[in-house]
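>>> Below is the structure, and that's it, no one-letter string:
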């Protein structure tokens, strides 16, 4: 064998040995979701996101804090991503699309409106990313377009409010309805339940019904306008949430009317300031709608990952607060 041939053989052997030892020392690649977190079957942290519709008002803030707090308790298992759509449906859709592109492991979604998420659900299904709706519904098929929806029974909330008001007024009232965000499932259902219940009493009439967008400022402004138009015809107010009811109380007081006595007021949510208003005699009652979704949301997701069959809706059980128990529960309210 020539000197050149021997050198070629040695060179080949050196390359083979180098490749062999390099392969022995190489660690296997980690399975990731594309955002740096390990996948659902990787045994390490998964990235879970919450797409919030907005973070204004006590109820919505309490919901966000509950989700963040529960994620922090389970920080050994999850990375947590939070988005705030700032009250804009288009931005919320964009937020969810971005989360899908980041290949998160799962998404909790509190949809601002019922419509507008069909294409988003399709994209999530294609990416095999489960979506769980919390506190509101969206148009789609549970178990197909999204895993399930966790919420209160909004129709029942409206029915409970109507039933209470009918009893308190002996079935006769001129009612102002302050409605939530137009197009939201919660506003639609709370209105439907209330209207169905008061229909049992022919002398209970809704004399004005207007959207005040779930905010105290708009509740006050809308109520001021209705007072100017309807005046003494108003004997009751049904507000879709406590914030609008508290705004209505300010408008009634400014007009020289006596909220809680001359005008009965019932609302929904059960926030601390509402229970304080009940104690003060200015608000008569509120149907609870618990915003603390964190524990049940994460428990439900883990049940899904274990392969358990989930109901298409998971309904929270809520309480009712009036003068008989407001002082008892005010300190535990949000």
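Sure, I can see it. Remember, predicted model here, so these are calculated numbers, not experimental data.
>>> would you list every one of the strands in the stretch 1-150 of the chain?
With DSSP state E, counting those that start in this stretch as the criterion, the stretch 1-150 of the chain has strands at 46-52, 78-84, 106-109, 131-134, 149-152.
>>> Could you dump the ones you listed into a markdown table and include mean neighbour count and mean pLDDT?
For every residue, glycine as well, the C-beta is placed using N, CA and C. Converted to a markdown table, the strands of the stretch 1-150 of the chain look like this (neighbours: other Cβ atoms under 10 Å; pLDDT from 0 to 100):
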| stretch | mean neighbour count | mean pLDDT |
| --- | --- | --- |
| strand 46-52 | 25 | 98 |
| strand 78-84 | 19 | 98 |
| strand 106-109 | 26 | 98 |
| strand 131-134 | 25 | 98 |
| strand 149-152 | 22 | 98 |
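>>> Present the ones you listed as JSON lines; the columns should include distance to residue 58.
Output for the strands of the stretch 1-150 of the chain, formatted as JSON lines (distance: least, Cβ to Cβ, whole Å):
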{"stretch": "strand 46-52", "distance to residue 58": "14"}
{"stretch": "strand 78-84", "distance to residue 58": "16"}
{"stretch": "strand 106-109", "distance to residue 58": "20"}
{"stretch": "strand 131-134", "distance to residue 58": "17"}
{"stretch": "strand 149-152", "distance to residue 58": "16"}
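>>> Leaving out sequence neighbours, find the closest residue to residue 46.
Excluding the flanking residues, the one nearest residue 46 by Cβ to Cβ, 6 or more residues apart in numbering is residue 105, at 3.8 Å.
>>> separation between the one you found and residue 223?
Applying Cβ to Cβ, to the nearest Å, the value for residue 105 to residue 223 is 45 Å.
>>> Neighbour count for these two, which is higher?
Per other Cβ atoms under 10 Å, whichever of residue 105 and residue 223 has more neighbours is residue 223, with 30 against 23.
>>> Next up, the contacts around that one.
With contacts taken as Cβ atoms under 8 Å, 6 or more residues apart in numbering, residue 223 has the following neighbours: 176, 178, 212, 237, 247-248, 251-252.
>>> ok so it is a helix residue?
Yes. Counting by DSSP: H, G, I helix; E, B strand; the rest coil, residue 223 is part of a helix.
>>> Check it and give its pLDDT.
At residue 223, the pLDDT value in this model is 98.
>>> for residue 14, same thing?
Reading off the model, residue 14 has pLDDT 39.
>>> Would you mind naming the helix or strand containing residue 190?
Secondary structure assigned from DSSP states H and E places residue 190 in helix 185-198.
>>> quick one: contacts of that helix?
With Cβ under 8 Å, 6+ apart, helix 185-198 has contacts from 111, 114, 135-138, 154-163, 165-166, 175, 177, 179-181, 204, 206, 209, 211, 238, 240, 268.
>>> Return the distance of residue 149 relative to residue 117.
Taken as Cβ to Cβ, the span from residue 149 to residue 117 is 12 Å.
>>> Repeat that for residue 148.
Residue 148 sits 15 Å away from residue 117, going by Cβ to Cβ.
>>> Looking at the two, which is more packed in?
Taking neighbours as other Cβ under 10 Å, residue 148 and residue 117 compare with residue 117 leading, 24 against 21.
>>> my read: the more buried one touches residue 136, true?
No. The criterion here is Cβ atoms under 8 Å, and residue 117 misses it with residue 136 at 10.8 Å.
>>> okay, and the common contacts of these two?
Residues touching both residue 117 and residue 136 by Cβ under 8 Å, 6+ apart: residue 111.
>>> hang on, the earlier thing: looking at the contacts of residue 223, which is nearest residue 228?
Residue 228 has its nearest neighbour among the contacts of residue 223 in residue 251, at 9.9 Å by Cβ to Cβ.
>>> Give me the phi and psi for the closest one.
Here is the backbone geometry of residue 251 (degrees, to the nearest 10): phi -70, psi -40.
>>> same thing with the one 4 residues further on?
Backbone dihedrals for residue 255, given as degrees, to the nearest 10, come out at phi -90, psi 0.
>>> who touches residue 283 in this structure?
So residue 283 contacts 242, 245-246, 249, 259-260, 265-267, 274, 277 (Cβ under 8 Å, 6+ apart).
>>> what would those residues look like in CSV with neighbour count, distance to residue 126 and pLDDT?
Below are the contacts of residue 283 laid out as CSV (neighbours: other Cβ atoms under 10 Å; distance: Cβ to Cβ, whole Å; pLDDT from 0 to 100):
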residue, neighbour count, distance to residue 126, pLDDT
242, 29, 40, 98
245, 31, 43, 98
246, 23, 44, 98
249, 27, 49, 98
259, 25, 52, 98
260, 17, 53, 98
265, 27, 48, 98
266, 24, 45, 98
267, 32, 41, 98
274, 30, 43, 98
277, 23, 48, 98
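>>> Sitting in helices, which of those residues do you find?
242, 245-246, 249, 274, 277 (DSSP state H).
>>> Ignoring the adjacent residues along the chain, who's closest to residue 204?
Closest residue to residue 204 apart from its sequence neighbours, by Cβ to Cβ, 6+ apart: residue 198 at 4.2 Å.
>>> same thing with residue 292?
residue 66 is the one closest to residue 292 (Cβ to Cβ, 6+ apart), at 4.3 Å.
>>> Perfect, that will be all.
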